[in-house]
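Trainee: I need the structure of the sequence given here:
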Amino acid sequence: MESVTLASGEVSRFFAFSLTAAGDPNRLSTATGSSQPIRKERVYSTFQATVFGSGAVTATVIIDATNDDKTGEGRQIPVTLNGSTTVTSGALFNGFVDANGRWVPPVQIGDAISGTGIPAATTVTAVASASSITISNAATATGPGYYPLFTGVDWIKTPLGTITLTSTNFDSDGFTTSAAWRWVRARITAITGTSATVWVAMGV
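Mentor: Presented below is the predicted three-dimensional model:
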């Protein structure tokens, strides 16, 4: 008779709360805001949030979910930020075929835009042309080469769960779920404390 060992928690994915100018993910956050969405790869999964800093630190993290691919998968588009509400690109906002031969859908009014140089909770308010859009909050950076993520807004009203953290220097908590949603994101709604920093991960 063969012995079979079932292991869990071996695969973990960290939520990225911003992107560098080169498009690399940054898994640490020091401010409120939403992470980039990631695919929920299994029905059974765990979510863990950690806050660390100096002295008393607190954080509240909400895990949202959706089955809408446009909301969850999103698309990265290289743009130029102008330190204003105008964002430009090389005629890419009306859709294009990327280097892998994949069709990247057009940007639409209401799409969320997130990443380095983009304030939290920023959305697209107008699509002037294939090369220019208007966003709801002025960019905090200037220059070409930024790769923000554009996603839809169809997240469910009732989140998968909420993680509340409060302690001295460090705290960590989480929860398990068997809900078969397609996409998830982490949303930091509160963070306080000296040098308070949060990371969030999903395990399956």
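Trainee: if I look at the residue nearest to residue 54 when sequence neighbours are not counted, how far off is residue 27?
Mentor: Closest residue in space to residue 54, ignoring its immediate chain neighbours: residue 194 at 4.3 Å, by CB to CB, 6 or more residues apart in numbering. Placement of C-beta: from N, CA and C, glycine included. Residue 194 is 21 Å from residue 27, where distance means CB to CB, to the nearest Å.
Trainee: More neighbours: which of these two?
Mentor: More neighbours surround residue 27 than the other of residue 194 and residue 27, with 17 against 10 (other CB atoms under 10 Å).
Trainee: what's near enough to touch the closest residue to the more buried one other than its chain neighbours?
Mentor: Counting by CB to CB, 6+ apart, residue 27 lies nearest to residue 14, which is 4.0 Å off, once chain neighbours are set aside. The contact partners of residue 14, by CB atoms under 8 Å, 6 or more residues apart in numbering, come to 25, 27, 199-201.
Trainee: separation between residue 14 and residue 188?
Mentor: 14 Å.
Trainee: anything in contact with each of these two?
Mentor: Both residue 14 and residue 188 are contacted by residue 200, under the criterion CB under 8 Å, 6+ apart.
Trainee: coming back round to it: ramachandran coordinates for the residue nearest to residue 27?
Mentor: Dihedral pair for residue 14: phi -90, psi 140, per degrees, to the nearest 10.
Trainee: Which residue ranges of the chain form helices?
Mentor: Assigned by DSSP state H, the helices in the chain fall at 69-72.
Trainee: check contacts around the residue nearest the centre of it.
Mentor: In the chain, the centroid-proximal residue (CA atoms, centre = their mean) is residue 36; its distance is 1.7 Å. By CB under 8 Å, 6+ apart, the contact list for residue 36 reads 15-17, 19, 25, 74, 114, 149, 151, 185.
Trainee: Low-confidence stretches in this structure?
Mentor: Applying pLDDT under 70 to the chain flags residues 1-11, 19-23.
Trainee: Walk me through the domains of it.
Mentor: The record's domain split for the chain, according to automatic domain parsing, is 12-68+154-203, 75-151.
Trainee: re earlier: quick one: the residue nearest to residue 54 and residue 58 touch, right?
Mentor: No - applying CB atoms under 8 Å, one finds residue 194 not in contact with residue 58, separated by 11.5 Å.
Trainee: May I ask you to confirm that residue 25 is in contact with residue 13?
Mentor: No - using CB under 8 Å, residue 25 is not in contact with residue 13; the gap is 10.3 Å.
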